[in-house]
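Colleague: okay, predicted coordinates and the sequence, questions at the end:
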Amino acid sequence: MPSPNHALRLLPALTACVWMTFLTGPGALEAQTIYVRIMVDEEQPTTQRAWQQRLSGRLQKASDIVSKYCSLRFAASCYGTWDSEDDLRDISQSLREFEQEARPSPAHIAIGFTSQYRFQRGRHALGGIRGPLHSHILIREGASSVHETERVEVLLHELGHFLGAAHSVSPGSVMRPVMGDGLARSKNFQIHFDPDNARVIRLVAAEISDLRVRRFEHLSLETKRRLRVHYAHLLAQAPTDPTARKYIELIDRSLPKTPPRSTRSGRGGTTAPAVGRPFSRTLPAGAANGDHPMPLTLSRWR
């Protein structure tokens, strides 16, 4: 469902919507809920009823964990399919294709589960999103040996990126960059965010719910400064991982060159944008959040 860089043929996405107290539409995040369109490609081997039940249940489990850290929840509001290109193997191309073919509306974001890719021994990119507050997430479903609890962890990892979380070397954190270590299969293991990323998603979620912020560059100045501290800490712990570095670059590019004269946000930053704006959607040439290119943030499986 997400997107990277390849103009591929556009195919109509088939849609089956289930409405859930969507009284005000996606312009206002009703009850602090981010509504999700769950989609699968044509390679999905199970029946529509089966995959809808399985994937909405997975989203609910991931949402339950998110809600322990912040005021937001994720809920499936509609479903659909898209026709994925058989020859694509690179996840960035698959993400680009998904972004072009799948529209989140009437939900806020789209999460695509592709069964196109077949896993072999070695490391594989299992999921990806363009960056914080982007409208598309893509997850590969083809690894038959992956336990359902591990799939919940992968989904939560990508939702963490959506809420601004960066990779962490903290043992057991859901934001560790390489998964498949068997931790999630342990009966006593609890899927969790490390302290830095727990604070990151709390900061971002507060502005989504309180200020109706939909784009990373529209976060308040104070929140950006606080996020930068956490990203710098994560970068110091893992200097070779590009995620925190890229997020710092995004913040630095969006900071005002001179202090703003006045604000209406009440948080010493930028004025909250119009409620009706959608979450960021990457369009041609890989542009994101306006003019700035965004990294493709991946979870990897070993």
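Modeller: Structure's in. What do you need? Numbering: from 1, shown residues only.
Colleague: ranges for the helices of the chain?
Modeller: Along the chain, counting by DSSP state H, helices occupy 48-66, 91-101, 148-162, 195-210, 221-237, 242-254.
Colleague: pick the most buried one from the ones you listed.
Modeller: Most buried of the helices of the chain, by mean neighbour count (mean count of other C-beta atoms under 10 Å): helix 91-101, with a mean of 25. Backbone N, C-alpha and C define where each C-beta goes, glycine included.
Colleague: name the helices or strands packed onto that one?
Modeller: Applying 3 or more C-beta pairs under 8 Å, 6 or more residues apart in numbering; DSSP states H and E, one finds that helix 91-101 makes contact with strand 109-114, strand 124-129, strand 136-140.
Colleague: Ala205 is nearest to which of these?
Modeller: strand 109-114 (13.8 Å; C-beta to C-beta).
Colleague: quick one: that closest one to helix 48-66, angle?
Modeller: 120 degrees (axes from the mean of the first three to the mean of the last three C-alpha atoms, to 10 degrees).
Colleague: strand 109-114 pairs with which strands?
Modeller: strand 33-41 (parallel), strand 136-140 (parallel) (DSSP bridges).
Colleague: now those in JSON lines, with mean neighbour count?
Modeller: Shown next, in JSON lines, are the strands paired with strand 109-114 (neighbours: other C-beta atoms under 10 Å):
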{"stretch": "strand 33-41", "mean neighbour count": "24"}
{"stretch": "strand 136-140", "mean neighbour count": "28"}
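Colleague: one step back: by mean pLDDT, show me the worst of the helices of the chain.
Modeller: Mean pLDDT is lowest for helix 91-101 out of the helices of the chain, coming in at a mean of 88.
Colleague: export only the CA atoms of it, formatted as PDB.
Modeller: Provided in PDB are the C-alpha atoms of helix 91-101 (Å, rounded to 0.1, in the frame of the first residue of the first chain):
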ATOM      1  CA  ILE A  91      10.200  -3.200  -1.900                       C
ATOM      2  CA  SER A  92      10.700   0.500  -2.800                       C
ATOM      3  CA  GLN A  93       9.200  -0.200  -6.200                       C
ATOM      4  CA  SER A  94       6.400  -2.200  -4.700                       C
ATOM      5  CA  LEU A  95       5.700   0.700  -2.300                       C
ATOM      6  CA  ARG A  96       5.600   3.200  -5.100                       C
ATOM      7  CA  GLU A  97       3.200   1.000  -7.000                       C
ATOM      8  CA  PHE A  98       0.900   0.700  -4.000                       C
ATOM      9  CA  GLU A  99       0.900   4.400  -3.500                       C
ATOM     10  CA  GLN A 100      -0.100   5.000  -7.100                       C
ATOM     11  CA  GLU A 101      -2.900   2.400  -7.100                       C
END
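Colleague: next, the angle from it to strand 124-129.
Modeller: Counting by the same axes, to 10 degrees, helix 91-101 points 40 degrees away from the direction of strand 124-129.
Colleague: starting at the chain centroid, how far to helix 91-101?
Modeller: What separates the centre of helix 91-101 from the centre of its chain is 14 Å, taken as C-alpha atoms, centre = their mean, to the nearest Å.
Colleague: same check on stretch 149-159?
Modeller: Centre to centre, stretch against its chain (C-alpha atoms, centre = their mean), the figure for stretch 149-159 is 11 Å.
Colleague: show residues contacting it.
Modeller: 58-59, 61-63, 65-66, 74, 111, 126-129, 137, 139, 141, 146, 174-175, 179-180, 184-185, 191, 297, 299, 301 (C-beta atoms under 8 Å, 6 or more residues apart in numbering).
Colleague: got CSV for the helices and strands packed on helix 91-101, with distance to Val213 too?
Modeller: Output for those, formatted as CSV (distance: least, C-beta to C-beta, whole Å):
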stretch, distance to Val213
strand 109-114, 14
strand 124-129, 17
strand 136-140, 18
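Colleague: nearest to Ile248, of those?
Modeller: Minimum separation from Ile248 across the helices and strands packed on helix 91-101 (C-beta to C-beta) falls at strand 124-129, 17.6 Å.
Colleague: ok, the most centrally placed residue in the chain - contacts?
Modeller: Nearest residue to the geometric centre of the chain (C-alpha atoms, centre = their mean): Phe162, 3.3 Å. Contact partners of Phe162, counting by C-beta under 8 Å, 6+ apart, are 109, 129, 132-134, 137.
Colleague: what's the closest of those residues to Ser84?
Modeller: Ile137 (14.8 Å).
Colleague: beta partners of that closest one?
Modeller: Counting by DSSP bridges, the residues bridging with Ile137 are Ile111, Ile129.
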